[in-house]
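[1] Quick one, what's the 3D model for this:
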Amino acid sequence: MTFITRLRDEARDRPRRVVFPEGSDPRTVSAVRFCAREQLLSPVVLGGPEVKSALHSEGDGVDIEVVDPRNDPGAEVLARSLYERRKGRGMTAEDALQHAQDPLLFGALLVATGQADGAVAGAANPTSAVLRAALWGIGPAPGIRTVSSSFFMVVEPFRGTSDAEVLIFTDAGVVPDPDSTQLAEIAMAACEARRSVVGDEPRVAFLSYSTLGSAVGPATEKMIDALRIFRARAPGIPADGELQVDAALISEVAAVKAPGSPVAGTANILVFPDLAAANIGYKLVERLARARAIGPIVQGLARPYNDLSRGATSDDIVNVACITSLMSQ
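    Okay, the predicted model is just below:
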């Protein structure tokens with residue numbers, strides 16, 4: 001069974017209520033119809049009468065809930081929730097009522113108030129807009145100061161196994177230049193995401209251009225310090241660094257460069273030193289190795305609100321929606 005098949009089966013077994021704020025996007029419409037028809041989750045689509053018409057145009061009997069943020073009777077309750085969250089930053093009640101009509105923020109508030117389990121957007125909006133809505137409406141999980149992201153990379157077998165593997169690349173979409181404490185928090189959030197979605201045990205590699213002291217400099221010291229903080233906070237999770245990516249992934253290389261390392265050659269979470277390296281890395285693997293990149297998955301929020309690439313296909317939206325459903329559990 002492939003990861004995508006298992007992902008969808010597990011979402012179907014425990015369907016959740018997921019909001020899609022971009023109801024006017026044709027890819028979203030197609031994905032929502034598929035999710036409803038296959039009973040993967042219970043979609044809530046935001047938009048006006050034209051969205052409802054598009055969703056039900058094929059007349060196949062699939063019933064999909066459509067909510068219009070501009071005239072929904074529950075908008076005032078959501079606006080009050082937003083006002084309570086943001087009044088300390090100068091937002092007035094009138095401002096909150098106006099902001100709450102924005103579909104991205106309206107969706108976040110549905111999730112924050114427990115009227116939905118998660119949300120998915122980004123096919124028609126930039127990451128910055130999606131994250132702003134998520135942070136305003138939902139906010140970070142308790143104890144988390146760094147909201148970040150990861151890509152779930154489904155790659156063909158390369159370590160002697162017969163099945164495709166799922167690697168997590170983090171952070172490839174949010175924090176431009178994380179410090180060592182932020183890197184440790186990013187790694188911890190990725191571990192939580194892996195457990196809830198992939199279901200196996202995380203094995204973390206803090207990546208650099210050096211392996212265990214083969215080179216010295218501020219960039220390597222940052223990763224070593226991040227590992228130290230991570231181990232102090234999550235002593236039960238195998239982790240090592242700094243590691244070059246070949247030592248992190250390939251056991252034959254690890255035997256030479258990092259003998260005795262607890263994760264070298266077996267890592268399944270790759271923590272990159274900055275956003276540039278992670279973003280370049282995931283796109284290279286996606287394009288050259290034809291890996292399946294699912295995400296960006298937003299980590300560290302109190303409740304899930306996941307982003308999409310604006311180049312996402314309807315199939316990508318389905319997969320991120322299923323991940324969102326599993327994260328809510």
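[2] moving C-terminal of the longest helix out of those in the chain, what's the next helix or strand?
    Longest helix in the chain, counting residues (DSSP state H): helix 180-197. Per DSSP states H and E, helix 180-197 leads on to strand 204-207 as the next helix or strand towards the C-terminus.
[3] mind listing what that next one pairs with, with the direction of each?
    In the sheet, strand 204-207 lines up against strand 239-243 (parallel), strand 269-271 (parallel) (DSSP bridges).
[4] Please tabulate the ones you listed in a markdown table and include mean pLDDT as additional columns.
    A markdown table is the format used below for the strands paired with strand 204-207 (pLDDT from 0 to 100):
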| stretch | mean pLDDT |
| --- | --- |
| strand 239-243 | 94 |
| strand 269-271 | 98 |
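[5] What residues of stretch 160-176 count as buried?
    Ala164, Glu165, Val166, Leu167, Ile168, Phe169, Thr170, Asp171, Ala172, Gly173, Val174, Val175 (16 or more other CB atoms under 10 Å). Bear in mind the C-beta positions are built from the backbone N, C-alpha and C, glycine included.
[6] Going along the chain, name the strands of the stretch 1-150 of the chain.
    Per DSSP state E, counting those that start in this stretch, the stretch 1-150 of the chain carries strands over the ranges 17-20, 42-46, 65-67, 118-120, 148-155.
[7] Relative to Leu270, which of those strands is closest?
    Taking CB to CB, strand 148-155 is the member of these nearest to Leu270, at 8.8 Å.
[8] other SSEs contacting that closest one?
    On a contact count with 3 or more CB pairs under 8 Å, 6 or more residues apart in numbering; DSSP states H and E, strand 148-155 meets strand 165-170, helix 180-197, helix 275-288, strand 292-299.
[9] now the angle from it to strand 292-299?
    160 degrees (axes from the mean of the first three to the mean of the last three CA atoms, to 10 degrees).
[10] Out of the strands paired with strand 204-207, which gets nearest to Val155?
    It is, among these and with distance given as CB to CB, strand 269-271, at 11.4 Å.
[11] picking that back up, kindly reformat the buried residues of stretch 160-176 as JSON lines containing pLDDT and distance to Phe106.
    Formatted as JSON lines, the buried residues of stretch 160-176 follow (pLDDT from 0 to 100; distance: CB to CB, whole Å):
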{"residue": "Ala164", "pLDDT": "88", "distance to Phe106": "37"}
{"residue": "Glu165", "pLDDT": "92", "distance to Phe106": "38"}
{"residue": "Val166", "pLDDT": "95", "distance to Phe106": "32"}
{"residue": "Leu167", "pLDDT": "97", "distance to Phe106": "34"}
{"residue": "Ile168", "pLDDT": "97", "distance to Phe106": "30"}
{"residue": "Phe169", "pLDDT": "98", "distance to Phe106": "31"}
{"residue": "Thr170", "pLDDT": "95", "distance to Phe106": "29"}
{"residue": "Asp171", "pLDDT": "93", "distance to Phe106": "27"}
{"residue": "Ala172", "pLDDT": "90", "distance to Phe106": "27"}
{"residue": "Gly173", "pLDDT": "86", "distance to Phe106": "23"}
{"residue": "Val174", "pLDDT": "90", "distance to Phe106": "22"}
{"residue": "Val175", "pLDDT": "91", "distance to Phe106": "26"}
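[12] and which of those residues is nearest Gly199?
    For the buried residues of stretch 160-176, the nearest to Gly199 is Val166 (9.8 Å; CB to CB).
[13] partner residues bridging that closest one?
    Val154.
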